[in-house]
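*Asks:* Sequence unavailable; structure follows:
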């Protein structure tokens, strides 16, 4: 599980893992937020309506889900994760803090990695530099980031994202050093 504060580069690091390490399966989260410029449905996220997300919850099709930044909902579809693990592939979930806490309940044996920025100022620079959020949204995300940064001690390992490819390689190295297969119990509704 890879989690960390907003704008730390989770998506960018996950994309680097996907591009450089095809042996690692990387989850694609579902979200109710609209795509940012350049994001592709099914690659960066699975963009769904509120109604579709509600149905995924009702059908217990999500391993975890949460309202993030007091705005959109995000969640990890359960089926693809189970399929990747059943195929014996190393799997990485890119999730937020709330999702990591939910997965910790159902998969305590998983390796939980916190992606940390080199500094608070760098995190702010990255968020502002994206240019994809309004001032109000940036303020909301920075408030959330302060809370998320305080959760670092809940994780097994901390990786500092000084440079994207180095962070991606470090993550993959952790998967190789921790070869114990990780299992997610099926949902009671999927038995």
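*Replies:* Nice, thanks for sending it over. Keep in mind it's a predicted model, so treat the numbers as computed, not measured. Numbers count the residues shown, from 1 in each chain.
*Asks:* which intervals of the protein have sub-threshold pLDDT?
*Replies:* In the predicted model, the chain carries pLDDT under 70 at residues 176-191.
*Asks:* quick one: secondary structure of residue 46?
*Replies:* Following DSSP: H, G, I helix; E, B strand; the rest coil, we place residue 46 in the strand state.
*Asks:* scratch that, residue 12 is what I was asking about
*Replies:* With three-state DSSP as the basis, residue 12 sits in helix.
*Asks:* For it, list the residues it contacts.
*Replies:* Residues in contact with residue 12 (CB atoms under 8 Å, 6 or more residues apart in numbering) are residue 164. For every residue, glycine as well, the C-beta is placed using N, CA and C.
*Asks:* what's the answer for residue 22, then?
*Replies:* Contacts of residue 22 (CB under 8 Å, 6+ apart): none.
*Asks:* Double-check that it belongs to a strand.
*Replies:* No. Using three-state DSSP, the assignment for residue 22 is coil, not a strand.
*Asks:* What are the phi and psi values at it?
*Replies:* Dihedral pair for residue 22: phi -60, psi -10, per degrees, to the nearest 10.
*Asks:* separation between it and residue 92?
*Replies:* Distance from residue 22 to residue 92, counting by CB to CB, to the nearest Å: 12 Å.
*Asks:* For residue 2, which residues count as its bridge partners?
*Replies:* Per DSSP bridges, the residues bridged to residue 2 are residue 94, residue 113.
*Asks:* Distance of it relative to residue 159?
*Replies:* From residue 2 to residue 159 the distance is 8 Å (CB to CB).
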